[in-house]
Each structure stands twice: as C-alpha cells, then as structure tokens.
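# Need a 3D model of the following:
(2 chains)
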Amino acid sequence: MTDTLVEIRNLWLEGRSDEQWNPIINGVDLTLKRGEVMGLIGESGAGKSTLGLAAMGFCRDGVRISNGSVKFDGIDLLTASAATKRGLLGKRIAYVAQSAAASFNPAHKIIDQHVEGPTQHNVMSRAESEADGMALYEKLRLPDPEKIGFRYPHQVSGGQLQRAMTAMAMACRPDLIIFDEPTTALDVTTQIEVLASIRDIVKDFDTAAIYITHDLAVVAQMADQIKVLLKGDEVETADTRTMLSAPTQDYTKSLWAVRSFERPLKAPVVAGSVPVVSVQNVDAAYGKAKVLHDVSFDMHQGRTVAVVGESGSGKSTTARCITGLLPPTSGQISFGGEVMPADYRKRSKDQLRQVQMIYQMADTALNPRMSIGQIIARPVEFYLGLKGREKRAKVDALLEQIELEPSQYYNRLPSELSGGQKQRIGIARALAAEPKFIICDEVTSALDQLVAEGILRLLAKLQDDLKLSYMFITHDLATVRAIADEVVVMKDGRVVEAGPKAEMFQPPHHPYTDLLLSSVPEMDPDWLTNLLDQRGVDNIGDSAVGKM
Amino acid sequence: MGNVLNIVLQRLALGLLTLLIVSIVIFIAVNMLPGDFAELILGQGATPEAVKTIREDLGLDQSLISRYFGWLGGMLTGDLGTSFAQLNFQTNLGGDGGVTVVEQIAPRFANTMFLAMVTAAIAVPIAVIVGILAALYRNTVFDRVANIFTLSSISSPEFFMAYVLILFLAVLNPILPSLSNIYQGMEFSDRLVKSLLPALTLTLVVTAHMMRMTRAAIINLLASPYIEMARLKGMSPMRVIVKHALPNALAPIINVIALNLAYLITGVVVVEVVFVYPGIGQLFVDSVKIRDIPVVQACCLIFAAAYILLNLTADILSILSNPRLRHPK
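This is a model prediction of the structure:
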C-alpha cells in the first residue's frame, strides 16, 4: 500500500461551447496522500469543480480530457472500464455536492439514498447500513438521528441536509471524498456547524479529501495543503500555513488583499435631519404567516445602511415593503418625511422613481432578449421622458458612470457579458431613474471576491458623487465591514440591533450579533479550533441560535 | 395527507363543474344542427301538420331551456331518454315503448372500453419501456430507430396502418381475423383474438406520443444535480434512469398517457369502421346522420366525461407522484 492516493499528472481538460473545444484545465498536477486534505481555491471559471470531478475520473457532459493521467491508488481512471469506475465511485471515492437540496433525489427518503451505495456495492446489508447511517447522523450531530433519515429531503433544513450528504458520502467509508463547495449555499451560523462536522469526521476516519471552495477563510480551516487555480492554470501550491503567511504569487496576494477594502468612517448623522427613507413600525405577512414584526429604522442621505441577517430573517421582505410590492399590514414607510402609499400601484411616477433596486442575480434580472442600450434606455424614457438623441446621450453617460465603454457595450446582449459586467448594467438601470435611494439586495453574493470588490468600490464612488442612500441587504459580514455606515441586524422578522458600524463591530453585542460575528470564518487556520475550544461544540452556529 | 385530500376534492368539484358546462355546450351545439329528426324521417312527405305531430310527440316543440332541464334531470336519474330512431320503428311495427338510449349505448360503450383497455395494456408498457430504453441509449441507433418507427406510424393515417396490418397479419399470413365483429355473450378469448388487429393498429397510433414524452421527461432530468450524484455514487446507468430519473418524470408521462387513453375512447371511429368493430364511435356517427338527438347527446356527454375523468385522474396521480405534496413539512 503506497502512501500516495491520488496522482494527477499534466491533466488537460476541454469544454465544448460555441461549437468548439475551449481549454478548462491546462496541464495541472496534483498529488494527494492518504488522509490528507487538499484545498482547491479559485474564482468561478477557474476549473476547480472540473478538476475535482476529474479526480474521480468523471467528466460532465460537454467536457473531455484531452491529455494527462489520473491515477487513484494505482488505478488509471482514464483508461479503466466504466464498470471498474462504477465499482470505485461511491465505494472508495465519494462526492459531496454544493447544494444538498438539489443533489438529494426529491422522490426518495434520505436513508434510502444513504443505503443505496453500501447495498449496491455489496459493502453492507441494508439493515447494517441503516444502523450505520444513524450512527453517522449522530456523529455529525444531526437532531433526532434515529428518525431524520426517514424524512424526505424537502422536509429537512439545508444545513442538516448538507450533513446528511456528508454522511452519505461516508457510507462506504471511502478513501477519498471530493467536497465541492459544500457550505457556499449556507448561512454563516449554519456553515460553521457543517464545517466542524466535516472536519471531525474526515479526521476520525482518516479520509483523504479534496475541498473545493472560493472562500479562503473556509479553506484555511479545512485543508492541510492549498492549491490556487486561475483560469485552468495552477498558480501555486503550498501547505496551508505557508500559503496564508507567505504567498509567493501576485494573484494569490491579490486574493488575500480583497478583504482589506474598507471605506473611511463618515461623520455621524446630524441630529434632527430628515431621513431619506424611514421605516416605521412595519408589520408584514405573506398570507397568514407573519414575517415582519415592528420593524423600524431610518436611512439618511449619502449613507449606506447594511441590513444583515440569515435567510428567512426578513431582509428582503423589508425591501419589498419599502418598494410597495408587499404592502405592510401595519406601520408606514416615508420618503423625505412624506408618508408613501403602501401599495406601489398607488404611488406616483415620481415617488416610484425615487426607489430603485439592484438584484442579486443579474442573470435573471436583465431581459436576455434586450440589448444593454435598450435595458438602460427603458427607465430613462419612462421616468425622465427623454427621447431620441437625448436618450442616447443619457444612456452613454450612464454606461460611462459604471465604467463600461458605451460604444462597445450599447448593442450587446446580457449573455455576452461577464457576471460583474451584468451587475454593473443592473446598477446603471437603477441609476437611470435618478433615484435618491437604491436597495441593493445581495448584489455581490453571486460574484467572485475580486469582482465583488470592484462592484463595492463602484457603488461607494457613485454614492460620493451622487449623494445616494443605499439599503444594502447582505448576509456577508465582510461586505458590511467594507461598505456600511449603519448596520441593522435582523432575526426572525425583528430588528435585534441597530446602530453605527463602529459600534456594531465593538462589544458588547446583542447575543445574536455576537454569534453572527463569531461565525464568520477568519483567515487564521486555527480559528475554528480555537472557537470550538472557547465555546464548545454546542455553543456555535445553529445550535446556539436554537438556545436564544 | 389532508392537504392532498383537499386538492383532490377541489379537482373533483372542478371536474363536475366542467361536465355541467360541457353538457350545456353539447345541448346547444346539437340543437344547432341543421334539419331535425321529424323532417328527416318524413322525407318528401313532410307536410307541416305531420312534422308538427312528430315534433309534439318527441317534445321538440318545447323551449330549448325546458328541454335542457328535462334532459339534465333525466341524466341525473340515469335516464338518457329514448332513441328517436328505434322508437319510431318499434311503434310503427306495433311494439311497445322503444329502445332507451342506455340500452343502445351500453353494449357499444362496453365494446369500446374493451378495445381501449386491450390497446392500453399493449401500448402503455411498450411506450414506457421503449421510452426508458431510448433515454438510456439516447442518440444511439436504437434511439433513432425507435423514434423513426413511432413517428412514422403516428404520421400515417389510421386507416392506412389498419390496412397494412390486415395485409400482413390477415391476408399474407392469416394469423388474425380481419373482421372484428364481436357480439354479446362471446368467449373472452375469442373476443380478445377478434379485437387484436384493431388494438394493434391503435397501439401504433398512440405509442409515439407516450414513448417520446417518457424519453423527453427522463432526458430533461439527466442534467439535474441528483442524477449526477447517483452517477457519482457508482450506480449503473439503468438504475440511474429507473430509480432516480423516472420517479421524478412521472407527472408529464401520466398526463400524456391519460390524453391518449381518452383518445382511445373517443376518437377511434375510423378504426372501428375499417374492422367493422361495433364500438360507440360508429353508433355516434350513425346517430348524427339521422339526427337521433338523444343518442348524439349521450355519446357526446360520455366522451366529455371520459376526457374529464381521465384528465382528473392524471392530475391526481401527478399530485401524488410529488413527494412534497404527499409529505408536507
């Protein structure tokens, strides 16, 4: 038995798009020893997932291996027969996908999917595997481990499902697990628990793992070694501590530097000044389900209020109340001291113009059949009544404001733009109405860190130039630190804490704020270990939220 | 489960409402047919008096609304009226009463249902299995041949397929009888043998839709993360499709099966004519020809009910195939 488990040599992969094969991975090497965890990081499109799947000898449709070798425990996966590979997959090599909700089959119970691997690979009987599954659920600290497996995937929360998927990967006690962004879709307080569970179980069973993520702080907790990828090329590989303390390549350094963006603090709001938007004692409900309880906060000119909270905390619902899409059941919204009609249909065009939105998914928020020029010209014409040459001039000016060359982009379709560029178009469309106030709903969470930083800088610049007010909805505290002037923390439809940013990041905190802040992974590779030592495993993440 | 029961009851109520609306539409449409039974039966000797007498006898002189409610009331008590045509012959020949619509339709409807069931028993399994195999071996020779064969059989007229089958299975190789003149009191096996050729013809007609929908619904899911997961667990391609894709593809497949079954009940008149099969389709066409309004209306209503009932069943089965509805949070 050799020490090396996975050996990838000079691997080249190509993907098919636009009728031709384009390179995805260009001659990458990877060596993984037994029991070792390798972190793969890079931006989207860097080829992390493709490389991770290739380590299993698997290619998605439209991807092919053009050169190189992949050996798992001495078996060449590229020349092995399909049957040989099927014998390895699930049994000796397992996979944990990004979205457990999408990767569990909705038609079968969790335990039935868990036992499928062991029974089909003849590792265990169904009864043994079921009992083992429950033991794993308990080890991963899932609630009610005896029964949770008998539920359907949609009946279990995202964090629990992610752990159930880790248990499923462990079902045959594989030698290697590929974790493909397993916590990216989770809230921070949920993520921390899943991270702790994954780390423990990988260590306990001495399983080797490839951990794919774009989050440096996460990979710092999980990996022994880190490999950085950029557009299919390896940038550098080193053990975790060396990589964090002394990266040698410029690109790696730039990744590390992203988190340093922070706006200077602004002077406090002048007492007695009229807020641009004021949310006053707002209650709201979807049907009978009450989702907002007595929410109040103010937003002032030229300032950014970050609304922070986990999914389901009521951030986006508050935004819907402000825009009038969801009339509150009680309470009111006022703009510049003037009370707005609750329903957007009753607001005047000028009132509508003052509130604009930028969305999380620029992909779905832009009409794919309209050119960039048309997308931006539409609000220019609708709100400002400009036509012909004036309209064109305004659109060009807006494109320049978002730092895109008008002549190059005017006639393009959204599909021809990158994610960051699309988000810029979203910003230009919001600016086209010349609003005073813009709601930014998770505008950077679908973007890579470097691109996201560009967007944040642009938003900051526009705010200074145009004296805009932002309501910045996010679950990412690093973004809050970078851009906020005031912070509102929401939980279960209530505001739990609100105040200037400087105060929010200083103790004493509300216990929930404290939990949120403490759950954000830090670059320090000992962060998770220390936190667990300090607080104990039952006082982190969701289990702590449950106690509140 | 209370959730599902609610939905099912809602759908049922909607189905009944639809049927009621359809009954109005049928009634109006049938009454808009040009000419009436009295004029038609009297032919050239239709004096106004004679026409009037017959109309009065049959109740055709009453207003449309009162006739509709009379008909609706009769229907609710299971009385679909008396066939005009049969009534006349019987009374003229000195018989009493006449043949009720129920008596006339029931055996024909039973025959049609028999043929539909035999066809479904052949076509549905073939369509689903070939669909699964086509999805499994997609873009291979098998897939292409299956597609070409089913598509060409659905694209040719039914009577042509019928004659081709007669040529090969009855004339050149006398395996099956070409006439399907079944009658009441026939042995089940004889009945089956006699119905086999029309059933095969109909199978050729309906298989393509169901097979292609099965294939498409499964292939549609193959890009899902949970299918990729099943593959990455080392499951065989067959297991991936049958165990992981098929349960999630059931809703569209069930729907297209229901539509085709409805077609088998309501749309097979050409095949019946070719094989001289005594089904409801022939009776319907004959009744329209002689303006035997009670029979026409009853047939229409049965067709409508078949459509509504099958679609309702498909709806309910689709709902039940969704675990989110069967097992709420």
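
# Give the closest residue to A:G454 in space, chain neighbours not counted.
Sequence neighbours aside, A:G420 is the residue nearest to A:G454 in space, at 6.1 Å (criterion: C-beta to C-beta, 6 or more residues apart in numbering or on different chains). Backbone N, C-alpha and C define where each C-beta goes, glycine included.

# Now for the one you found: which residues touch it?
With contacts defined as C-beta atoms under 8 Å, 6 or more residues apart in numbering or on different chains, A:G420 is in contact with A:447-448, A:451-452, A:454-455.

# Also A:I8?
The contact partners of A:I8, taken as C-beta under 8 Å, 6+ apart, are A:28-31, A:51, A:54-55, A:68-71.

# how much space is there between the residue nearest to A:G454 and A:L458?
Distance, A:G420 to A:L458, by C-beta to C-beta, to the nearest Å: 10 Å.

# ok, now B:G281?
70 Å.

# what's the answer for A:G493, then?
With C-beta to C-beta as the criterion, A:G493 and A:L458 are 32 Å apart.

# A:P500 too?
24 Å.

# same thing with A:S103?
A:S103 is 35 Å from A:L458, where distance means C-beta to C-beta.

# Over to A:Q374?
22 Å.

# next one: A:F150
For A:F150, the distance to A:L458 - C-beta to C-beta - is 50 Å.

# Of the two, which one has the most company?
Taking other C-beta atoms under 10 Å in any protein chain shown, A:F150 and A:L458 do not tie; A:L458 has more neighbours (17 against 13).

# Secondary structure element holding the more buried one?
Assessed by DSSP states H and E, A:L458 sits inside helix A:449-466.

# neighbouring contacts of the helix or strand that that helix is followed by?
Downstream of helix A:449-466, the next assigned helix or strand under DSSP H and E is strand A:469-474. With C-beta under 8 Å, 6+ apart as the contact definition, strand A:469-474 has outside contacts at A:276-277, A:299-308, A:315-316, A:319, A:322, A:436-445, A:459, A:463, A:479-480, A:483-484.

# try 7 Å this time
Strand A:469-474 is contacted from outside by A:276-277, A:299-308, A:315-316, A:319, A:436-442, A:445, A:459, A:463, A:480, A:483-484, using C-beta atoms under 7 Å, 6 or more residues apart in numbering or on different chains.

# Please produce a ChimeraX select command covering the buried subset of the residues you listed.
Entered in ChimeraX, the line below selects the buried ones among these, by 16 or more other C-beta atoms under 10 Å in any protein chain shown:
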select /A:276,277,299,300,301,302,303,304,305,306,307,308,315,316,319,436,437,438,439,440,441,442,459,463,480,483,484
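
# Show only the entries of the contacts of strand A:469-474 found in helices.
Using DSSP state H to define helices, the subset of those located there is A:315-316, A:319, A:459, A:463, A:480, A:483.

# Closest to chain B out of these?
Proximity of those to chain B (C-beta to the nearest C-beta) peaks at A:S316, which lies at 20.8 Å.

# pretty sure the closest one is touching A:E442, no?
No - A:S316 is beyond contact range of A:E442, at 8.2 Å (criterion: C-beta atoms under 7 Å).

# so what's the closest residue to B:L246 other than its chain neighbours up against?
Closest residue to B:L246 apart from its sequence neighbours, by C-beta to C-beta, 6+ apart: B:I218 at 6.4 Å. If you count contacts by C-beta under 7 Å, 6+ apart, B:I218 has them with B:132, B:135, B:241, B:245-246, B:249.

# Residue of the stretch 251-400 of chain A nearest chain B, please.
Counting by C-beta to the nearest C-beta, the stretch 251-400 of chain A gets nearest chain B through A:A289, at 12.7 Å.

# where's that residue relative to A:E442, distance?
Distance, A:A289 to A:E442, by C-beta to C-beta: 22 Å.

# go on, A:L399?
For A:L399, the distance to A:E442 (C-beta to C-beta) stands at 24 Å.

# burial count for the nearest residue to A:L325 once chain neighbours are set aside?
Nearest residue to A:L325, sequence neighbours excluded (C-beta to C-beta, 6+ apart): A:Y344, at 6.0 Å. A:Y344 has 16 neighbours, counted by other C-beta under 10 Å.
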